[in-house]
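*Asks:* heads up, no residue letters with this:
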């Protein structure tokens, strides 16, 4: 498949681009509002992989063009840019699955709290902003992005997937399962997204309060 | 230490009573509103352990009497019985740490959702109901109780501990660390309890949606 990583120039985009290219046969397109920045980062990702003797072409485009070419568009943007980003790419969303990894959080007295938008969850916000008929799947919320982007780091993390479209959810699950050290788990319908998104502030709090731990993910067993 | 398990006649109480007695030197007191039921269950727990060649005396009392004798009182009761239970035991809470494992949840269209009380979390509700000066610690929220009560089951689970009293939190953490296959993690102050309590509906949703998984706990790494 072709995977567009909209806003894919940050750590989450880097981690998904590098690991999808290294571990799977999917083609990765890096998207950004600024196509020049997208091309630069795509070249950096290729160079990083080349240094590890991994062949793979990664192209950069503006977000709309990346999405137009893609089967799956992962919106690697903060929650407050989600609606804008969907507006920018919506003409290219025919036959494309939208994946939203964003989480709303606020910090108070040094502790992170889940802070969902009025739609109930960021995933629900994305579903409301997407054109009718475009499947929206929540996934990749609970990954420490810095560690994800470090190809020397092993993961052993579960990826929780929520959505109302069973086929789309299975497709996104197969993406996650294709990455070494990731296991996709079905966490239910979009309505279950708050329980998934809430895990991210918990991971941050646990890492902050336990000296031996950092850059956490989670596994269920 | 002496550990009172108030409402300790259900699965969570059974699991903690059996495993604390098997794996640690702590003395377990089973509490119930009905002291006769507490004594019966305590005898059953002793018999279960005896069948595994584990020696250990477990006594049963009404909740107030169990708490009066205890250094730590774990309130193994549903969230809606928490305030009543604290009322019943409050005279025995001098020099006792209160531990609250309860979570508020609601089921809607087959999906579990976190449903905190107006205090913000069940842990905050317990802190508000406890007498001034009694430390309240949230812990043992995210354990599949049936598996916990099955001594043939191995766990490898993390126990998230929240609280505002550092010493009390460390004491409760050491209790969890003493159980084979449990690791205590500091998840922050009581204000961080919603992120911890939210994990329980997530565990239930993940178990419900993935055929290969049941009776889940979680680990952070």
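*Replies:* Yep, it's here. Computed from a prediction, not measured in an experiment: that's the story for all the values here.

*Asks:* For chain A, what lies in contact range of chain B?
*Replies:* A:108-109, A:111-114, A:156, A:160, A:185-189, A:191-192, A:194-196, A:198-199, A:201-203, A:205-206, A:208-210, A:213, A:216-221 (Cβ under 8 Å from any Cβ of the partner chain). Using the backbone N, CA and C atoms, a C-beta is placed for each residue, glycine as well.

*Asks:* could you flag which of those residues are buried?
*Replies:* Listed as buried from those are A:111-114, A:160, A:185-189, A:191-192, A:194-196, A:198-199, A:201-203, A:205-206, A:208-210, A:213, A:216-220; burial here means 16 or more other Cβ atoms under 10 Å in any protein chain shown.

*Asks:* how many other residues sit next to residue A:13?
*Replies:* The tally of other residues near residue A:13 (other Cβ atoms under 10 Å in any protein chain shown) stands at 27.

*Asks:* isn't it right up against residue A:41?
*Replies:* Yes. Here residue A:13 reaches residue A:41: they are 7.5 Å apart, a contact under Cβ atoms under 8 Å.

*Asks:* Overlap in contacts, the two.
*Replies:* Between them, residue A:13 and residue A:41 share the neighbouring residues residue A:30, with contact defined by Cβ atoms under 8 Å, 6 or more residues apart in numbering or on different chains.

*Asks:* Show the contacting residues for the nearest residue to residue A:186 once chain neighbours are set aside.
*Replies:* Counting by Cβ to Cβ, 6 or more residues apart in numbering or on different chains, residue A:186 lies nearest to residue B:209, which is 4.0 Å off, once chain neighbours are set aside. Listed by Cβ under 8 Å, 6+ apart, the contact partners of residue B:209 are A:185-188.

*Asks:* One more: residue A:138?
*Replies:* When contacts are counted by Cβ under 8 Å, 6+ apart, residue A:138 is found next to A:99-101, A:121-123, A:126, A:160-163, A:190, A:193, A:196-197.

*Asks:* Double-check that residue A:219 belongs to a strand.
*Replies:* Yes. Assessed by DSSP: H, G, I helix; E, B strand; the rest coil, residue A:219 belongs to a strand.

*Asks:* how about the nearest residue to residue A:181, chain neighbours excluded?
*Replies:* residue A:155 (3.3 Å).

*Asks:* Correction: the previous question concerned residue A:78.
*Replies:* residue A:102 (6.1 Å).

*Asks:* Okay, the one you found and chain B: tell me how far apart.
*Replies:* When Cβ to the nearest Cβ, to the nearest Å is the yardstick, residue A:102 and chain B sit 17 Å from each other.

*Asks:* can you check residue A:67 too?
*Replies:* Residue A:67 sits 28 Å away from chain B, taking Cβ to the nearest Cβ as the criterion.

*Asks:* how about the helices of chain A, start to end?
*Replies:* According to DSSP state H, chain A carries its helices in the segments A:11-23, A:35-50, A:63-68, A:82-89, A:122-129, A:145-148, A:166-178, A:193-197, A:199-209.

*Asks:* winner for burial among those?
*Replies:* Among these, judged by mean count of other Cβ atoms under 10 Å in any protein chain shown, the one packed with the most neighbours on average is helix A:193-197 (a mean of 28).

*Asks:* Off-centre distance for that one?
*Replies:* For helix A:193-197, the gap between its own C-alpha mean and the chain's C-alpha mean amounts to 14 Å (Cα atoms, centre = their mean, to the nearest Å).

*Asks:* Just list what it packs against, helices and strands only.
*Replies:* Packing contacts for helix A:193-197, counted by 3 or more Cβ pairs under 8 Å, 6 or more residues apart in numbering or on different chains; DSSP states H and E, involve helix A:122-129, strand A:136-138, strand A:157-163, strand B:111-114, helix B:199-209.

*Asks:* Please convert these to TSV, extending it with mean pLDDT and distance to residue B:149.
*Replies:* Below are the helices and strands packed on helix A:193-197 laid out as TSV (pLDDT from 0 to 100; distance: least, Cβ to Cβ, whole Å):
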stretch	mean pLDDT	distance to residue B:149
helix A:122-129	98	35
strand A:136-138	98	33
strand A:157-163	98	25
strand B:111-114	97	21
helix B:199-209	98	16
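
*Asks:* quick one: residue A:43 and residue A:57 touch, right?
*Replies:* No. In this structure, residue A:43 sits apart from residue A:57 without contact. The criterion is Cβ under 8 Å, and the distance is 10.5 Å.

*Asks:* Need the contact partners of stretch A:40-57.
*Replies:* Residues lying outside stretch A:40-57 but in contact with it, judged by Cβ under 8 Å, 6+ apart, are A:8-9, A:13-14, A:17-18, A:21-22, A:27-30, A:32, A:58-60, A:151.

*Asks:* again but with stretch A:6-13, I slipped
*Replies:* Taking Cβ under 8 Å, 6+ apart as the rule, stretch A:6-13 contacts A:5, A:14, A:16-17, A:30-33, A:37-38, A:41, A:63, A:66-67, A:73-77, A:81, A:85, A:89, A:101, A:140, A:143, A:145-146, A:148-149.
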